[in-house]
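A.B. asks: quick check, what structure comes out for this input:
(2 chains)
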Amino acid sequence: MSAYGALTTASYRASVRDRTTVFFTFAFPLIFLVVFGLIFRGQTVEQSGRGYIDYIAPGVLSWGVGNAAVFGVAFTLMQWRKDDLLRLIRMSPTPLTSVLASRYVVALVIGVVQAVLFIGVALLPVFGLRLSSTWPLALPVLVLGITAFLAIGMVIGSRANTPEAVAAVANCVMVPMAFLSGSFFPIDAMPSWLQSLSRVLPLRYLNDGVSAAVSGRAGLGSTGLACAGLAVFALVFGLLAMRTFRWSNDT
Amino acid sequence: MTQARPDEPAIVLEDVRKRYGDVQAVAGISLTVGRGEFFGVLGPNGAGKTTLIEIVEGLREADSGSVSVLGLPPWPRNMALLPRLGVQTQSSAFFTRLTAREHLSTVAALYGVGRQGVERTLSMVGLLGQADIRVEVLSGGQRQRLAIASALVHGPELIFLDEPTAALDPQARRDLWKVLRALKGEGRTIVYTTHHLDEAEALCDRVAIVVAGSVVALDSPGRLVGAAKAPTRLLVPADRITVERAERIEGADRVCVEGDSVVIETRAAGPVLAAVGEVAGLDGVRTRTATLEDVYLELTGSEQHA
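C.D. replies: Sure, this is the predicted structure:
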């Protein structure tokens, strides 16, 4: 087996054997869907006339996928470094890119499974999401979104040395961003200056892209803008991650 | 594993230095380790052993001096050299929630080695019976052996072991000695740090004793002990000889009472032993010759072992 394949298998096994984390990775966004779905049931957003669920479902999904990507890779990197596993890999002829590529594939698979499960539940009559025929346009957005958030998680996992630090930093990044980017609260109902400000946040582009695709407002232009925005964040944080990467805690 | 040039030394260090802030961790070390040699690195904690080893492994860059490992520079990360090195990491360095066999297979794959190497290495370190147990559940000694297996699975030419017997019970320790001697028998070079001086004496061809970033002694354990001229201690049951009588024996350098024995320190063990035989009889008399531990304590200073 190739080093890349072996690392992917090892990550996959470590993931599925940790049932608690598996359960909450997939249940967490669903819990938010239920909470917001019940709060805003049957309501529409005044500014646009569209149902709340049309905003909240793609928003919570985007946040859930981004959150899982950030936490998954940040914890893995911190733990592998702390356990000296990165040193073990460092002493083998396996390139760093194989290590990161295997983690990337695991994150993509988790993200796609999350999305399928989440959309499936949101389509239930009680939540009343309507899936437009433009939904496949959400796929490139999701892939680029996972890439961008994975890069953010790599930066956090390279800097933080304890599980507590990873959780604290990642939550500080992800929770305010979820509110400011319209994941938990319709962006159209926010003050216009806040809507402009949210353009500097990667989650805004992920929300917009997924939301437009799911609700049928997506065109090549809007999907292209979301993808371009996420690609820029992926590139910036990817470069930052390469610079902050450490094989060991004491170097 | 083919060895390209068996006549070429495994490691050549010339005036290697490394400083961290005000601390000179490695203060100009030069040494050569030959192919197939079992080489011990001894020294108190904080003496610079770890830094020195990490420079040789290529994990750290020396400030100055030259480092050649199997004829190649180890720094920066040298992809041509890495498959020929085996490094024992801490016994926490396991892929989470995998079994011992799965972990070792993953490590093998990092080196591009297949299943056969995995089974052979598991059997070599005596872990075949625990191969399907999760790494988290293994005992301390089993984890230690798995960490060593991780350094051996790809059949490296040069093996670095860091206190490999630290967490092992006496039986497992002796079993590991057999493994290490077998590796040496296959012509592999072993660089090995330990605090067990009896072990270094039993296993190593040569040892380097490192104190404050410098090598203060470098030779075979036997020659180090011989050169140190440390006294032999004769322990005579206290009811058979008095201190005063013992002090009158020619060649007795120092006499004292320890527990139920009168201890005579001497550098002329033969004549003194004969004299003791005449005075007290040799029944129950024990002799303690100098060991590597005596040499080590002499060189490293007793204050570091308070």
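A.B. asks: who's in contact with the nearest residue to residue B:284 once chain neighbours are set aside?
C.D. replies: Distance criterion C-beta to C-beta, 6 or more residues apart in numbering or on different chains; nearest residue to residue B:284, sequence neighbours excluded, is residue B:237 at 4.9 Å. Any C-beta I mention is one placed from the backbone N, CA and C, and that applies to glycine too. Neighbour list for residue B:237: B:260, B:261, B:262, B:280, B:284, B:285 [criterion: C-beta atoms under 8 Å, 6 or more residues apart in numbering or on different chains].
A.B. asks: residue contacts, the closest residue to chain A within the stretch 201-306 of chain B?
C.D. replies: Of all residues in the stretch 201-306 of chain B, the one sitting closest to chain A is residue B:213 (17.5 Å; C-beta to the nearest C-beta). Taking C-beta under 8 Å, 6+ apart, we find residue B:213 in contact with B:24, B:25, B:26, B:27, B:28, B:29, B:47, B:48.
A.B. asks: in three-state terms, label the third one for me.
C.D. replies: Using DSSP: H, G, I helix; E, B strand; the rest coil as the criterion, the local structure at residue B:26 reads strand.
A.B. asks: surely it is in contact with residue B:53?
C.D. replies: No: counting by C-beta atoms under 8 Å, residue B:26 does not reach residue B:53; the two are 10.2 Å apart.
A.B. asks: so these two - more neighbours on which side?
C.D. replies: The residue with more neighbours, out of residue B:26 and residue B:53, is residue B:26; 29 against 20, by other C-beta atoms under 10 Å in any protein chain shown.
A.B. asks: ok, now which ones touch the more buried one?
C.D. replies: By C-beta under 8 Å, 6+ apart, residue B:26 lies in contact with B:16, B:17, B:18, B:48, B:51, B:52, B:55, B:62, B:213.
A.B. asks: separation between it and residue B:54?
C.D. replies: The gap separating residue B:26 from residue B:54 is 10 Å, by C-beta to C-beta, to the nearest Å.
A.B. asks: over to residue A:156?
C.D. replies: Distance from residue A:156 to residue B:54, by C-beta to C-beta: 27 Å.
A.B. asks: those two: who's more crowded?
C.D. replies: Shown here are residue A:156 and residue B:54; by other C-beta under 10 Å, residue A:156 has more neighbours (27 against 22).
A.B. asks: where's that one, which helix or strand?
C.D. replies: Residue A:156 is part of helix A:138-159, with elements assigned from DSSP states H and E.
A.B. asks: okay, now the domains of chain B?
C.D. replies: The record's domain split for chain B, according to automatic domain parsing, is B:11-221, B:231-289.
A.B. asks: can you list those in JSON lines and add mean pLDDT?
C.D. replies: Formatted as JSON lines, these follow (pLDDT from 0 to 100):
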{"stretch": "domain B:11-221", "mean pLDDT": "91"}
{"stretch": "domain B:231-289", "mean pLDDT": "87"}
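A.B. asks: who's in contact with residue 110?
C.D. replies: Chain wasn't specified; assuming chain A. A:15, A:25, A:68, A:69, A:72.
A.B. asks: looking at chain B here, not the other one
C.D. replies: Residue B:110 sits in contact with A:3, A:6, A:7, A:88, A:89, A:92, A:93, A:94, where contact means C-beta under 8 Å, 6+ apart.
A.B. asks: where's the dip in pLDDT among those residues?
C.D. replies: Lowest pLDDT among the contacts of residue B:110: residue A:3, with 87.
A.B. asks: tell me, how many residues neighbour the nearest residue to that residue once chain neighbours are set aside?
C.D. replies: Closest residue to residue A:3 in three dimensions, ignoring its sequence neighbours and counting by C-beta to C-beta, 6+ apart: residue A:94, at 4.1 Å. When neighbours are counted by other C-beta under 10 Å, residue A:94 registers 24.
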